[in-house]
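Novice: Provided below are the primary sequence and the corresponding predicted coordinates.
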Amino acid sequence: LSAAGAHGLMSFVAIVGGGALGGAIGHALALRDRVPEVRFVDAEGSIARGKALDILQSSPIDCFSTRVSTADSLAAVAGAAVIVLADGAADSTEHGGEAGLALLRRLAAVDGRAPIVCSGASQRELIARAVTELRLAPSRIVGSAPLALESALRALAGLAMDGSGPEIALRVLGVPPQSA
């Protein structure tokens, strides 16, 4: 699928949170040049605007044409193809607990269709609560932490076997022992 083909299929990706994690995700998406726009949504608009400007300034060197924009209102996620829940720009903490659940409730009210990706490493409980308490469809809300864990374990296994991570086939299933 070419970048032009993907641009025709996807409106934009909304990243809620302009912290370190949100910035890294936004930059990675822009570098791939598969979506027409990456939109940072963060109450700390000036910090998010600075990250967006940094990413945009790298576009001539990194050869991508993805638009990078910012908004300070959750209403800006309306119409997104995907909503990524990242970390806040002010303190780079992951959204969680009651505040995280309230944020998901507001996001679901603004856009009732877009899938939500919880990108934080410790948002498993937030995802479970969103499904049980907010009645979000399990197919609509996913986490990225298991994929990061798989990647890290592949890299470690590759090192132990004097190889590399991509040479290792691995799947991680289940819940952590402290949760069982």
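Specialist: Great, that's in hand.

Novice: how deep is S139 tucked in, by neighbour count?
Specialist: 8 (other CB atoms under 10 Å). The C-beta positions use only the backbone N, C-alpha and C, and glycine is treated the same way.

Novice: so where does it fall, helix or strand?
Specialist: Under the criterion DSSP states H and E, no helix or strand holds S139.

Novice: how near is it to I15?
Specialist: Taking CB to CB, to the nearest Å as the measure, S139 falls 21 Å from I15.

Novice: may I have the phi/psi pair for the most centrally placed residue in the chain?
Specialist: Geometric centre of the chain, nearest residue: V84, 3.5 Å, by CA atoms, centre = their mean. Dihedral angles of V84 (phi, psi; degrees, to the nearest 10) stand at phi -100, psi 120.

Novice: ok so V117 is a strand residue?
Specialist: Yes. According to DSSP: H, G, I helix; E, B strand; the rest coil, V117 belongs to a strand.

Novice: can you pull the contacts of it?
Specialist: Neighbouring residues of V117 by CB atoms under 8 Å, 6 or more residues apart in numbering: 82-85, 141-144.

Novice: excluding its backbone neighbours, what's nearest it?
Specialist: Spatially, and ignoring its direct neighbours in sequence, V117 is nearest to V84 (4.8 Å; CB to CB, 6 or more residues apart in numbering).

Novice: okay, now the unreliable bits of the protein?
Specialist: 1-9, 145-149, 151, 171-180 (pLDDT under 70).

Novice: please enumerate the helices of it.
Specialist: Assigned helices in the chain, in chain order: 3-9, 20-32, 45-57, 59-62, 97-110, 124-132, 145-160 (criterion: DSSP state H).

Novice: adding distance to V117, write those out as CSV.
Specialist: As requested, these are exported to CSV (distance: least, CB to CB, whole Å):
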stretch, distance to V117
helix 3-9, 17
helix 20-32, 9
helix 45-57, 18
helix 59-62, 23
helix 97-110, 12
helix 124-132, 10
helix 145-160, 10
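
Novice: tell me the most buried of those?
Specialist: A comparison of the helices of the chain by mean neighbour count, using mean count of other CB atoms under 10 Å, puts helix 20-32 on top with a mean of 19.

Novice: and stretch 38-52, how far out from the chain middle?
Specialist: The chain centre lies 14 Å from the centre of stretch 38-52; the measure is CA atoms, centre = their mean, to the nearest Å.

Novice: same question but for stretch 19-33, I mixed them up
Specialist: Between the centre of stretch 19-33 and the centre of its chain there are 9 Å (CA atoms, centre = their mean).

Novice: ok, residues contacting it?
Specialist: Residues outside stretch 19-33 that contact it (CB under 8 Å, 6+ apart) are 3, 13, 15-16, 18, 35, 38, 40, 42, 48, 51-52, 54-55, 58-59, 62-66, 68, 84, 86-94, 119-120.
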